[in-house]
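# What follows is a predicted structure for the sequence shown.
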There are 2 protein chains.
Amino acid sequence: MSENVVNKVIEVRRNSLDDYVVEAIVGFQEGPGLVVIRGRGPYISKAVDVYNELAQRLGDGLELVKVEIGSERVRGRIFSYISISLRKKF
Amino acid sequence: MSENVVNKVIEVRRNSLDDYVVEAIVGFQEGPGLVVIRGRGPYISKAVDVYNELAQRLGDGLELVKVEIGSERVRGRIFSYISISLRKKF
């Protein structure tokens, strides 16, 4: 379905929480598709913080579509990651 | 269904990764139900590390049943959390 198109993937790292929250909200304005919040290694916790901040601001308007966890190899090292797929409902 | 009974909830904190991996494997031996790995705040990343370590050791025998994220209030402070529900298939 076209609504499962990914508008934007946001990789959470060292910027402030609010930076990523704003980036996600802008992402939702770009179309009806998904915004994916990703975090790797120590930034997994922060990615969940971004989700919670968005959930608080958008309330019922935010739909948590999917949460994926796993591991991936980046420049020879293995990292845990989280990938949080979100949709804005209205 | 009885298979969705939770055998054990493991709260990931300061112990070693292997401690939690062993605790989970023991949890699976206690019955056919779920083992839930939980992490709060900075321990969310470590909870995902525990999952990945289990996935590597148990391979296809490990089923990732559900991943929940959210926030909860603990002693007046709000924390992000993750809750990873796992089943051992064989």
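On my side now, so go ahead. Numbering: from 1, shown residues only, chains lettered A, B, ... in the order given.
# Need the pLDDT of the residue lying farthest from the centre of chain A.
Centroid-distance maximum for chain A: A:Gly76 at 24.4 Å, with Cα atoms, centre = their mean. At A:Gly76, the pLDDT value in this model is 94.
# The one 5 residues further on too?
Each residue has a pLDDT score; the one for A:Tyr81 is 98.
# Let me know how buried it is, in neighbour terms.
Using other Cβ atoms under 10 Å in any protein chain shown, A:Tyr81 has 21 other residues around it. (Each C-beta comes from the backbone N, C-alpha and C, glycine too.)
# Wait, it touches A:Glu72, no?
Yes: if you go by Cβ atoms under 8 Å, A:Tyr81 and A:Glu72 touch, sitting 5.6 Å apart.
# between the two, what contacts are shared?
A:Arg40 (Cβ atoms under 8 Å, 6 or more residues apart in numbering or on different chains).
# neighbours around the residue nearest to A:Tyr81 when sequence neighbours are not counted, how many?
Excluding its sequence neighbours, the residue lying closest to A:Tyr81 (Cβ to Cβ, 6 or more residues apart in numbering or on different chains) is A:Arg40, at 4.7 Å. Burial measure for A:Arg40: 20 neighbouring residues, criterion other Cβ under 10 Å.
# for A:Val50, same thing?
A:Val50 has 25 neighbours, counted by other Cβ under 10 Å.
# circling back to that earlier point, so what's the residue nearest to A:Tyr81 up against?
Contacts of A:Arg40 by Cβ under 8 Å, 6+ apart are A:Glu11, A:Glu72, A:Val74, A:Phe79, A:Ser80, A:Tyr81.
# CA atoms of stretch A:10-21 as PDB?
Extracted in PDB, the C-alpha atoms of stretch A:10-21 (Å, rounded to 0.1, in the frame of the first residue of the first chain):
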ATOM      1  CA  ILE A  10      15.800   9.500  10.800                       C
ATOM      2  CA  GLU A  11      19.000   8.200  12.300                       C
ATOM      3  CA  VAL A  12      19.200   9.200  15.900                       C
ATOM      4  CA  ARG A  13      22.700  10.100  17.200                       C
ATOM      5  CA  ARG A  14      24.200  13.100  19.100                       C
ATOM      6  CA  ASN A  15      21.800  15.900  18.200                       C
ATOM      7  CA  SER A  16      19.200  17.000  20.800                       C
ATOM      8  CA  LEU A  17      16.000  15.100  21.300                       C
ATOM      9  CA  ASP A  18      14.000  18.100  20.000                       C
ATOM     10  CA  ASP A  19      16.000  18.100  16.800                       C
ATOM     11  CA  TYR A  20      14.800  14.600  16.000                       C
ATOM     12  CA  VAL A  21      11.200  15.400  17.100                       C
END
